[in-house]
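the following block contains a protein sequence and its predicted model.
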Amino acid sequence: MKRTCSELVQRLLAESRTLRFFWIGGGQQTAATMCNAIQVCFGRELFPLLVRPTIGMKRKLKWILVVLVVVFALLQLTNPARTNPPSLPGHDVSATNPPPPQIAALLHAACYDCHSYETKWPWYSRVAPMSWLIASDVKGGRARVNFSDWPNDHPDWAARRWERVSEELDYKEMPPAKYTLMHPEARLTDVQRKELIQWADTMAAKLKAAVTTQ
């Protein structure tokens with residue numbers, strides 16, 4: 001009597017602990033014969049059953065990859081605008097009471113990309129979704145402090161902005177770590193940070209005194 005592969009597997013599982021002899025086709029067979037029979041059944045029936053899920057998984061991964069590529073391509077249509085509006089005459093921070101060259105250089109290196117109209121847009125600012133984050137940071141930075149649109153006509157406003165600059169530098173909130181990670185030239189040493197803080201404090205005090213004497 002011929003035994004099916006399923007019956008043979010069941011018999012193997014039942015006898016696996018003791019490795020006793022069992023019967024195939026009416027004759028007494030050894031464990032070695034049993035192993036050969038299992039190999040034949042595996043090759044004919046069990047192996048295709050194991051391969052089919054793998055093939056199905058590869059097809060799913062292929063479609064997932066296609067969908068991701070299509071979504072990434074569509075995201076590029078949503079890139080925000082990257083603009084550097086012209087600075088009006090007399091509105092730049094250097095128009096009145098310009099900082100010394102060393103301070104100006106530090107401000108340009110550490111602040112101007114997000115806090116002026118002189119933003120240097122890197123290549124990845126054109127790739128969504130990174131472009132959304134960069135555009136949002138620049139927009140928010142210009143709204144808080146904009147060295148290209150400085151309130152030179154309002155000393156009290158300018159004094160408060162210098163105080164804000166000093167405070168954020170003192171708390172080491174600026175420049176942010178995520179920016180200096182991609183722009184190592186914007187990193188400030190302790191000495192450079194102290195120089196900027198002292199300059200900002202000096203300008204704030206000078207502008208406040210000018211307001212008082214008016």
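Yes, it's here. Numbers count the residues shown, from 1 in each chain.

buried stuff in stretch 94-107?
P99, I103, A104, L106, L107 (16 or more other CB atoms under 10 Å). Quick note: C-beta positions are derived from backbone N, CA and C, even for glycine.

and the contacts of it?
89-90, 93, 147, 150, 152, 188, 192, 195-196, 199, 203, 206 (CB atoms under 8 Å, 6 or more residues apart in numbering).

most surrounded residue in these?
V93 (26 neighbours; other CB atoms under 10 Å).

contacts only, for that one.
For V93, counting by CB under 8 Å, 6+ apart, the contacting residues are P99, L107, F147, S148, W150, N152.

the first one - that's part of a helix, no?
No. Secondary structure assignment places P99 outside any helix; it is coil (DSSP: H, G, I helix; E, B strand; the rest coil).

which residues does the most centrally placed residue in the chain contact?
For the chain, the residue nearest the mean C-alpha position is M130 (7.1 Å; CA atoms, centre = their mean). By CB under 8 Å, 6+ apart, the contact list for M130 reads Y124.

return the distance of it relative to P151.
32 Å (CB to CB, to the nearest Å).

now swap in P100 and tell me
21 Å.

A128 reaches N79, doesn't it?
Yes. Under the criterion of CB atoms under 8 Å, A128 makes contact with N79 at 5.4 Å.

among the buried residues of stretch 94-107, which one sits closest to V66?
Closest to V66 out of the buried residues of stretch 94-107 is L107 (47.5 Å), distances taken as CB to CB.

which helix or strand contains the closest one?
helix 101-110 (DSSP states H and E).

mind saving the C-alpha coords of that helix as PDB?
The C-alpha trace of helix 101-110 is given here as PDB (Å, rounded to 0.1, in the frame of the first residue of the first chain):
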ATOM      1  CA  PRO A 101      33.800  93.300  10.200                       C
ATOM      2  CA  GLN A 102      34.400  90.400  12.600                       C
ATOM      3  CA  ILE A 103      30.900  90.600  14.100                       C
ATOM      4  CA  ALA A 104      29.400  91.000  10.600                       C
ATOM      5  CA  ALA A 105      31.200  87.900   9.400                       C
ATOM      6  CA  LEU A 106      29.900  85.900  12.400                       C
ATOM      7  CA  LEU A 107      26.300  87.100  11.800                       C
ATOM      8  CA  HIS A 108      26.500  86.100   8.100                       C
ATOM      9  CA  ALA A 109      27.900  82.700   8.900                       C
ATOM     10  CA  ALA A 110      25.700  81.800  11.800                       C
END
